[in-house]
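Novice: make a model of this:
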Amino acid sequence: MKLTRNIIIALILGLFTGIGFNLFAPELFQYADNYAFTPLGTLFINSITMLVVPLVLFSIILGTASVSDPKKLGRIGGKTVGFYLITTALALGIGLSMAFLIQPGAGGGFETETADYEAEEAPPIMDTLLNIIPENPVQAMADGEMLQIIAFAVLIGFALARLGDKTAGVLKLIEQGNEIMMFLVKIVMYLAPVGAFALIASAIGELGMSALQAMLLYMAAVILALLLHAVITYGSVIAFIAKRSPIEFVRKFFPAMIVAFSTSSSSAVLPVSMRVAQDDLRVSKPVSSFVQPLGSTINMDGTAIMQAVATVFIAQVYAQSLSFGDLLTVILTATLASIGTAGVPGVGMIMLAMVLTSVGLPVEGIALVLGVDRILDMLRTAVNITGDATCAVMVSESEEKREDDGEGAKAS
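Specialist: Residues are numbered from 1 along each chain as shown. Have a look, this model is predicted:
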């Protein structure tokens, strides 16, 4: 809790520092950003990112090895993917509702003549699915291809589970490697307050108050939708399915949410979110090791909300109406794209370009929302990893209940 308090204080100081530079010394901000904020923020992100690949590899191998029953592994995988797809669709519905309620682009005054954006092309969904099995696992780890790393780790874990005592030494070595990674996460977290201060000061100082004021309604729609999704969707799952207190869940998971807000990267915060889930939320290591790395790759509820609001916003700015069929197309396209574009750099904007194209809206409209996307990215990353942890808690509780029921049936 002391670390959480320090990170919150650092965020508040960074917020006021960024605003102060922007209002009173904008000419000095570039120097402060180049020589202080950006280097400190980059140092923190790099420190935590360097642990992601080995931690994911070790933890998924251990998680799969401990689930020796292929049926149980398939059951956990089915629950996880099903949860992510359903909550993504719900997130899109909430985002569309808030956008139509607030009408962020209906007031006019937006310059569309100079709006220009060149969208990158997303790979076909089939290519993404076929590329899950890596040709070269070492190259996949070097490139940080999470889906390929997860697939390779699952295969190794399954082999270790089937071979048993023959590979006990290898399993012990991987367990020790995982302990080393978790220890390094604790060390890196001491940098979190400094990193949080630098990252938020840089983001707010660069954004500027004029951009914030111009896009106030759009930001309000996105933020309100993110809040509603976290409270209603995740809160309901924690309370009614996992049978836990949502308030206690938020209190214990809050440190990981703050780090996610600072880094704007689900992958970068993964070591922290896994440690908090296992140590504080009592999620079993096998479930956490499988569910959360997969979620950091394919679960994009926060990004889906941004896409829904941005689509309606751009349609209103360009005075184009969206039919009920268009709205269904948005939900279907964005839900499928969350898996099809997994691991692609700039995934949020690639997905948004796909959604806009699917309903005939100009892709150039993305340029209108790019200015404030940095601060919204911080918020939606916090929502994304909260969804991953919610799924981990739900799956862990359901598996424990299933095992308890099975043991009770045997005893009777």
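
Novice: below-threshold pLDDT in this protein: ranges please.
Specialist: By pLDDT under 70, the low-scoring segments of the chain are 1, 68, 107-109, 111-125, 128, 208-214, 339-346, 404-412.

Novice: hmm, 80 instead?
Specialist: Applying pLDDT under 80 to the chain flags the ranges 1-4, 67-70, 106-130, 207-214, 336-348, 350, 371, 403-412.

Novice: now find how far off-centre the biggest helix by length in it is within its chain.
Specialist: Criterion DSSP state H: the longest helix present in the chain is helix 373-411. Distance of helix 373-411 from the chain centroid (CA atoms, centre = their mean, to the nearest Å) equals 14 Å.

Novice: and stretch 235-252, by the same measure?
Specialist: Counting by CA atoms, centre = their mean, stretch 235-252 comes out at 19 Å from the chain centroid.

Novice: neighbouring contacts of it?
Specialist: 83, 231, 234, 257, 276, 280-281, 389-391, 393-394, 397-398 (CB atoms under 8 Å, 6 or more residues apart in numbering). (Glycine included, C-beta is placed from N, CA and C.)

Novice: 6 Å instead, please
Specialist: 280, 281, 390, 393, 394, 397 (CB atoms under 6 Å, 6 or more residues apart in numbering).

Novice: if you rank those by neighbours, which is first?
Specialist: Using other CB atoms under 10 Å as the neighbour criterion, residue 390 leads the contacts of stretch 235-252 with 31 neighbours.

Novice: okay, the angle between the helix or strand harbouring residue 98 and helix 373-411?
Specialist: Assessed by DSSP states H and E, residue 98 sits inside helix 70-102. Note on geometry: by axes from the mean of the first three to the mean of the last three CA atoms, to 10 degrees, helix 70-102 and helix 373-411 are set 140 degrees apart in direction.

Novice: who does helix 70-102 touch, helix- and strand-wise?
Specialist: helix 216-228, helix 301-317, helix 324-340, helix 373-411 (3 or more CB pairs under 6 Å, 6 or more residues apart in numbering; DSSP states H and E).

Novice: pull out the buried positions in the longest one.
Specialist: Taking 16 or more other CB atoms under 10 Å as the basis for neighbour counts, the residues of helix 373-411 that come out buried are 373-399.

Novice: other SSEs contacting it?
Specialist: Secondary-structure packing of helix 373-411 (3+ CB pairs under 6 Å, 6+ apart): helix 70-102, helix 216-228, helix 246-263, helix 270-279, helix 285-298, helix 301-317.

Novice: so which of those is nearest residue 194?
Specialist: In terms of CB to CB, the element of the helices and strands packed on helix 373-411 nearest to residue 194 is helix 246-263, at 10.2 Å.

Novice: tell me which residues of that closest one come out buried.
Specialist: For helix 246-263, by 16+ other CB under 10 Å, it's 246, 249-250, 252-263.

Novice: pick out whichever of the residues you listed sits closest to residue 50.
Specialist: residue 263 (13.1 Å).

Novice: rewinding a little: of the helices and strands packed on helix 70-102, which is nearest residue 294?
Specialist: Using CB to CB, the helices and strands packed on helix 70-102 put helix 373-411 closest to residue 294, at 8.3 Å.

Novice: compute the inter-axis angle for that closest one and helix 270-279.
Specialist: Using the same axes, to 10 degrees: helix 373-411 against helix 270-279 is 30 degrees.

Novice: let's see stretch 83-92 as CSV, backbone CA atoms only.
Specialist: What follows is stretch 83-92, C-alpha atoms only, in CSV (Å, rounded to 0.1, in the frame of the first residue of the first chain):
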residue,chain,number,x,y,z
PHE,A,83,-15.1,-14.4,-21.7
TYR,A,84,-12.9,-12.1,-23.8
LEU,A,85,-15.2,-12.3,-26.9
ILE,A,86,-18.3,-11.6,-24.9
THR,A,87,-16.9,-8.7,-22.9
THR,A,88,-15.5,-7.1,-26.0
ALA,A,89,-18.9,-7.2,-27.6
LEU,A,90,-20.5,-5.7,-24.4
ALA,A,91,-17.8,-3.0,-24.4
LEU,A,92,-18.7,-2.1,-27.9
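
Novice: quick one: contacts of that stretch?
Specialist: Under CB under 6 Å, 6+ apart, the answer for stretch 83-92 is 229, 233, 298-299, 301, 304-305, 308, 331, 334-335, 338, 387, 391.

Novice: name the residues of that stretch that are buried.
Specialist: Quick answer for stretch 83-92 (16+ other CB under 10 Å): 83, 84, 85, 87, 88, 89, 90, 91, 92.
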